[in-house]
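Novice: Build me a model:
(2 chains)
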Amino acid sequence: MVTTRFAPSPTGDPHIGNIRTALFAYLFAKHEGGEFLLRIEDTDQKRYDEKSLQTIKDVLTWLKIEPENLENPMIQSKRLDIYKKEAMRLLEQRDAYVCNCSKERLDELRQTQAKSGKPTGYDGHCRDLNLDFKDGCVIRMKVPNEKIVFQDLIRDEVSFDPSTIDDQIILKSDGFPTYHLAHVVDDNEMQVTHVIRSEEWLPSTPKHIILNKMLGFRQVRYAHVPVILSPSGGKLSKRDGAVGILSFLHHGYLPEALINYMALLGWNPKTNEEFFTLKDLEERFDLKNVNKAGAIFDQKKLDNINRAHLLVLLGDKDRLMTLIDEQSAEFLKKIDRELPSGQSVKDVLLELIVPRIDKLDEFSNHLEIFVKKPNLDETILVFRKSTKENTLIALNEFTQKAGEIPGEDWIFDQIKALMEAVVEQKNLSNGDVFWPIRYALSGMEKSPPPEEIATILGKQETLERISRAVEALQ
RNA sequence: GGCCCCAUCGUCUAGUGGUUAGGACACCAGGUUCUCAUCCUGGCAACCGGAGUUCGACUCUCCGUGGGGUCACCA
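Specialist: Numbering: from 1, shown residues only, chains lettered A, B, ... in the order given. A predicted model of the protein is given here:
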């Protein structure tokens, strides 16, 4: 049976790169009919963020990549005695040793090494001293002199020369284990079969393999997934804007879209399709089809995929209503009424607005136009294939004709007929008329059609807005 | 700097010795005899360089070059 895990440190809003790794681990487990587990690696007391655990759980739930033990994850800080016991065992086996080198000595050592152009690393000062363990000392693993070769599920064979691996600390002076010891012990206890983690762990993998062997644990398979790069090519970091998964949530991205995009970033489905649900991915995912090279994060593509999922959501308007912001939802309910066609104003607006937005946080902007007069830019007011003169003719003629329509007839087909009449009588193109009226009413380059907006705004407000547009042009 | 990993359109990628090097995003043009959007059609655009191996290399090997990662009592 396959078991994978997601083992984040509780240090804040989870990075999208970590979540993608979690997704791969989840998908691999599901595809193999196995288990996906959660473990919290909180052995660094300095960076601990108490809200983070809940955030991690919320995010996994929101994305629907829930670990089997979501409510009861393994927490490393509660297992200190276990790590210590294993460290002591290694000490007894002479696979590890006590080191009392001071921080100062270590810093100095590194500096001299760096200065003389040598690789930095522990020099083995305490290796053969056979010091007794006392509180305040650290324990280091004794790296044997043998070449380490292993098969990475994504990269195939990777090998390391022992001279490049130094005697890593496995138990810190505060009694906490380092990652190296803790994860090996935990993965064994959780019966993890496949360690799927970020590529940045590749260089320390030989240490983990050695530790695992020393402790007599069964072998695990490793898969190192490539990192996500920023548009400038480096590691995607906070300097590149939003990288925390929560910020994507707050910006109105759909969980299913995020999942779809993250999967495509580095994994390929071996088909030309690109739209996938979680279920689809569970069926098709294979580590063999994960790319080796890092992939640059492309927000445009994410937006595009989000749009595709948004369109699908139109088929489930009840869910859609729960996803848009509260104010917008309330507003829609307030103005909702049945139209002669039998459709509701709410549904019509949903249908009109959703295809025009990339993400849900833009939704309220589209509703705002019904309560707030837009700021107009006279250069946008003129359709790109039109002229200022024709725009003025169109707006003025529309105003004049509109005056003749009684208030109770102010509904879309009438208004549309009106605009069509202007086109015909003044010998203009559709763009000459529809574009400036729509922009005058909405102030947006993308918005529902003018007659729809005008109907909801009412005759008086419509004419006021058009007259403001005429003023802006003159 | 040492070590490790990587390298096809601007971006995500398909391609496993013989292809007009395919798809998607973005961009551009056109269409949907109603604007913007949606949708549809078309266009632009790539094998990092050099040696080898081979009848034949984007595909295999080596060397460069470039990019990334890592060298903590952080994970």
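Novice: Kindly indicate whether the residue sitting furthest away from the middle of chain A is helix, strand or coil.
Specialist: Most distant from the centre of chain A: residue A:404, at 53.5 Å, with distances by C-alpha atoms, centre = their mean. Secondary structure for residue A:404, judged by DSSP: H, G, I helix; E, B strand; the rest coil, is coil.
Novice: pLDDT score for it?
Specialist: For residue A:404, the model assigns a pLDDT of 84.
Novice: In the helix or strand of chain A with the lowest mean pLDDT, which residues are buried?
Specialist: Lowest on mean pLDDT, DSSP states H and E among the helices and strands of chain A sits helix A:378-381, with a mean of 84. Under the neighbour-count criterion of 16 or more other C-beta atoms under 10 Å, helix A:378-381 has residue A:381 buried. Where C-beta positions appear, they are placed from N, C-alpha and C, glycine not excepted.
Novice: quick one: residue A:415 and RNA strand B, what's the gap?
Specialist: Noted for residue A:415: a distance of 10 Å to RNA strand B, by C-beta to the nearest atom of the strand, to the nearest Å.
Novice: And for residue A:373?
Specialist: 19 Å.
Novice: Was I right to think residue A:120 contacts residue A:114?
Specialist: Yes. Using C-beta atoms under 8 Å, residue A:120 is in contact with residue A:114, at 5.8 Å.
Novice: Who are the packing partners of the least confident helix or strand of chain A?
Specialist: Under the contact criterion of 3 or more C-beta pairs under 8 Å, 6 or more residues apart in numbering; DSSP states H and E, helix A:378-381 touches helix A:430-442, helix A:459-473.
Novice: So what's the gap between that helix and the chain middle?
Specialist: 36 Å (C-alpha atoms, centre = their mean, to the nearest Å).
Novice: what do you get for stretch A:74-85?
Specialist: On C-alpha atoms, centre = their mean, the centre of stretch A:74-85 falls 31 Å from that of its chain.
Novice: Can you get me the start-to-end distance on that stretch?
Specialist: 18 Å (C-alpha to C-alpha, to the nearest Å).
Novice: near RNA strand B, which residues of the stretch 51-200 of chain A?
Specialist: A:101-103, A:106, A:110, A:117, A:119-122, A:138, A:155-156, A:158-161, A:164, A:166, A:169, A:172-174, A:176, A:178-179, A:199-200 (C-beta under 7 Å from any atom of the strand).
Novice: ok, now how distant is the closest residue to residue A:430 other than its chain neighbours from RNA strand B?
Specialist: Closest residue to residue A:430 apart from its sequence neighbours, by C-beta to C-beta, 6 or more residues apart in numbering: residue A:423 at 5.9 Å. To RNA strand B, residue A:423 is 8 Å away according to C-beta to the nearest atom of the strand.
Novice: show me the contacts for residue A:423.
Specialist: A:429-430, A:432-433 (C-beta atoms under 8 Å, 6 or more residues apart in numbering).
Novice: Kindly recompute the last result at 10 Å.
Specialist: A:394, A:397, A:429-434 (C-beta atoms under 10 Å, 6 or more residues apart in numbering).
Novice: Report the buried members of those.
Specialist: Buried among the contacts of residue A:423 (16+ other C-beta under 10 Å): A:394, A:397, A:431-434.
Novice: Columns pLDDT and distance to residue A:299 on top of the residues you listed, output as a markdown table?
Specialist: As requested, the buried ones among the contacts of residue A:423 are exported to a markdown table (pLDDT from 0 to 100; distance: C-beta to C-beta, whole Å):
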| residue | pLDDT | distance to residue A:299 |
| --- | --- | --- |
| A:394 | 91 | 37 |
| A:397 | 92 | 42 |
| A:431 | 86 | 30 |
| A:432 | 88 | 35 |
| A:433 | 90 | 35 |
| A:434 | 91 | 31 |
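Novice: returning to what we had before: quick one, which of the helices and strands packed on helix A:378-381 is nearest to RNA strand B?
Specialist: helix A:430-442 (3.5 Å; C-beta to the nearest atom of the strand).
Novice: got the angle between the closest one and helix A:459-473?
Specialist: 110 degrees (axes from the mean of the first three to the mean of the last three C-alpha atoms, to 10 degrees).
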